[in-house]
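Chemist: sequence and predicted structure below; questions after.
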Amino acid sequence: MMHTTVPSSKSRIHEERNLVSILSIAFFLTATFMLIEFMVGLYTQSLALIADASHMLVDALALGVALLAVWLSSRPATADKTFGFYRIEILAALLNGLILIMIALGIFYESFHRFYEPPEIKTEWMIATAGVGLFVNLINAYFLYGSQSISLNVRAAFLHVTGDAIGSVGAIFAGILMKFKGWYIADPIVSMAVGVLIIYNAGKLVRDSINILLEGTPGHINLETIHQELCNVEGVRSIHDLHVWTLTSGFYAMSCHAVLTGEGEQHQILKELRSVLNDKFEVKHSTIQLEEKSLEDQEDHFCHSTSQF
């Protein structure tokens, strides 16, 4: 007997509308200031500003991709896309992470050359522009912060703008050193520091995206723990063929076979299993096959893998 639960679509629609509004505001602010910062970077010959503007260009593209992904992922399921288009959001996050890494490598390359021939930079313009950029990025971070926990796509955008904010702080610091100390080498040093931070955050984003695409177990779920909790439900003899994966950010799915002891009503047992999954592990989509003990003795139901479940 197969039983499946699905999450409420109303809450999902509400979240998607909020994400569209938040991402639209962030996109407009980022794209506008990116153009200003890039022009000032060319005028002042500041690599730190150009690097930050390049990062903001990627941010604008990332936010645009994020908006597109939210729209596409909200499309209803079809006969050949039975889970809908949720994974588009994860693909967008993966793409953003890879682009961030490429941008960081480009910053490293240019910074290396500037160590030997640091150009003279118009520091007043650099400091003023970086200050405005910091303000814009903090506004974007404020809007995105509350939604990053429910969407890997928004988390990618949040990492973009926080990286920009730190880059702006670095540009201000480098500008002060160059203006009052004449240390023009500070420009490439700060640029490389920003590049390291970008790669670190982008690397984690790429790792998490790949784990979801490979249907790995969510990081906050211990498979052994969930197995034990399900086995503790009265009327359950054993659990096997247990799989837990992520469809998209905050949307976890699980399937398993539950061998019953023969005691208790199946409906009540199924209700208890669902309650454990929802309350303790935030798994709202579950497919549970209930089996009598006699079925377990007839054939090998266990996973053909190294897992004991």
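Modeler: That came in fine, so what should we check first? Numbering: from 1, shown residues only.

Chemist: so what's the residue count around H113?
Modeler: 11 (other C-beta atoms under 10 Å). Where C-beta positions appear, they are placed from N, C-alpha and C, glycine not excepted.

Chemist: N278 too?
Modeler: For N278, using other C-beta under 10 Å, the count is 15.

Chemist: surely V244 is in a strand?
Modeler: Yes: V244 sits within a strand when classified using DSSP: H, G, I helix; E, B strand; the rest coil.

Chemist: hmm, V283 and it touching each other?
Modeler: Yes: V244 is within contact range of V283, at 6.7 Å (criterion: C-beta atoms under 8 Å).

Chemist: report the rounded mean pLDDT for stretch 100-120.
Modeler: The pLDDT scores in stretch 100-120 average 79.

Chemist: how near is the residue nearest to A253 when sequence neighbours are not counted to G195?
Modeler: With C-beta to C-beta, 6 or more residues apart in numbering as the criterion, A253 has its nearest non-adjacent residue at 4.3 Å, and that residue is H285. Distance of H285 to G195, computed by C-beta to C-beta, to the nearest Å: 39 Å.

Chemist: compare these two (neighbour count), which wins?
Modeler: G195 (25 against 18).

Chemist: now the element after the lowest-mean-pLDDT helix or strand in the chain, going C-ward?
Modeler: Ranked by mean pLDDT, DSSP states H and E, the weakest helix or strand in the chain is strand 2-5, scoring a mean of 48. Remark: after strand 2-5, the chain's next helix or strand is helix 9-44, criterion DSSP states H and E.

Chemist: how about that next one: buried residues?
Modeler: 12, 15, 18-19, 22-23, 26-27, 29-31, 33-34, 37-38, 40-41, 44 (16 or more other C-beta atoms under 10 Å).

Chemist: okay, and for the stretch 51-200 of the chain, where does confidence drop off?
Modeler: 51-52, 55, 58, 73, 119-120, 148-151, 153 (pLDDT under 70).

Chemist: for it, what spans make up the helices?
Modeler: Ranges of helices in the stretch 51-200 of the chain, per DSSP state H, counting those that start in this stretch, are 87-116, 123-145, 152-181, 186-213.
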